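Undergrad: below is the structure, and that's it, no one-letter string:
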């Protein structure tokens, strides 16, 4: 993947892919049987955005660095971009500006102890912290019990940390564990795409995308779609090896940390009174037992005997 600053190819492919999704009827334009493209033509987008065809053509070729926010807004409206896609377009423009081309390295930050305390206090919810590359950098015992196949996968890094994207696309067991595996692949690639727009100079991210593109045909297809997702929540269906089928709700929340680091707090819960809640409680009981067993036993100091 070429994600160097000001990457014109990325801008071109994103705008062209969005343009191809909109029909003249969607845009309120007259239709004709004699069309060689499925979506809008460049000149039609230009009319809708209130700019010249030459100007929009130049924009779609990747010359976006000096474009004003008002014009970007007009293009976003013409292409019917949703909030996540609009944010991504603005991120691409920001990274393409001449004054932003001095390389800068986003520094990884350690998760503070107070965050781990928060995770551990959530005994009936699976909770973990995920960075923008989708590394799981902190978790509570129930998360480790719930996501056992991912934590035990050969795809973990040298520090034993799972990466959600690497597990989904490179571990064959993910097809069984994630009941809606196809939907998970779409969302995962789209989340990584948004992160690449935010941080085009992130070398570990480029390396991850390159690895997935080389080893996973499914990832290559999802990445080529140029879909973007910044916030992800909803229903997750899992086939757990110990407790069976689980249908859980999950919510992703921003977790403010120093610098430009992007971290999400991801929480899985079950509907009260449901079978999934009973099974999650069973997992929570197992997780609590294992956590107590793993903790060292502290003996009180005995007084010296004379």
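TA: Everything's here; your move. The model shown is predicted, which means the values in this text are computed figures rather than measured ones. Numbers count the residues shown, from 1 in each chain.
Undergrad: how many residues are close by the closest residue to residue 56 other than its chain neighbours?
TA: Distances taken as Cβ to Cβ, 6 or more residues apart in numbering place residue 46 nearest to residue 56, at 3.9 Å, with adjacent residues excluded. Just so you know, the C-beta spots here come from the backbone N, C-alpha and C atoms, and that holds for glycine as well. Burial of residue 46 is recorded as 21 neighbouring residues (other Cβ atoms under 10 Å).
Undergrad: per-residue confidence at residue 46?
TA: Looking at residue 46, its pLDDT reads 93.
Undergrad: quick one: contacts of stretch 209-223?
TA: The contact list for stretch 209-223 (Cβ atoms under 8 Å, 6 or more residues apart in numbering) reads 1, 3, 165-166, 169-170, 185-186, 188-190, 192-193, 196.
Undergrad: and stretch 34-49, by the same measure?
TA: 19-24, 27, 29, 52-53, 55-57, 60, 71, 74-75, 77-79.
Undergrad: make it 7 Å
TA: 19-24, 27, 29, 52-53, 55-57, 60, 74-75, 78-79 (Cβ atoms under 7 Å, 6 or more residues apart in numbering).
Undergrad: please list only the buried members of the residues you listed.
TA: 19, 22, 27, 56, 60, 74-75, 78-79 (16 or more other Cβ atoms under 10 Å).
Undergrad: would you point out the most distant pair within those residues?
TA: Using Cβ to Cβ, the two most remote members of the buried ones among the contacts of stretch 34-49 are 27 and 60, lying 16.2 Å apart.
Undergrad: the stretch 1-150 of the chain: helices as residue ranges?
TA: 8-20, 42-49, 53-60, 69-78, 83-96, 113-121, 141-146, 148-151 (DSSP state H, counting those that start in this stretch).
Undergrad: in CSV: those helices, plus distance to residue 232.
TA: As requested, those are exported to CSV (distance: least, Cβ to Cβ, whole Å):
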stretch, distance to residue 232
helix 8-20, 19
helix 42-49, 28
helix 53-60, 28
helix 69-78, 21
helix 83-96, 10
helix 113-121, 19
helix 141-146, 16
helix 148-151, 16
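Undergrad: what's the closest of the contacts of stretch 209-223 to residue 83?
TA: residue 190 (13.2 Å).
Undergrad: I'd like to know which elements the helix or strand hosting that closest one is packed against.
TA: According to DSSP states H and E, residue 190 maps onto helix 181-198. When contacts are defined as 3 or more Cβ pairs under 7 Å, 6 or more residues apart in numbering; DSSP states H and E, helix 181-198 packs onto helix 83-96, helix 164-170, helix 203-215, helix 217-224.
Undergrad: buried sites along the third one?
TA: So the one you mean is helix 203-215. 205-206, 208-209, 211-212.
Undergrad: equivalent analysis for the last one, please.
TA: Judged by neighbour count using 16+ other Cβ under 10 Å, the buried positions of helix 217-224 are 218-219, 222-223.
Undergrad: so what's the backbone phi/psi at residue 26?
TA: Torsion angles at residue 26 (phi, psi; degrees, to the nearest 10) stand at phi -60, psi -40.
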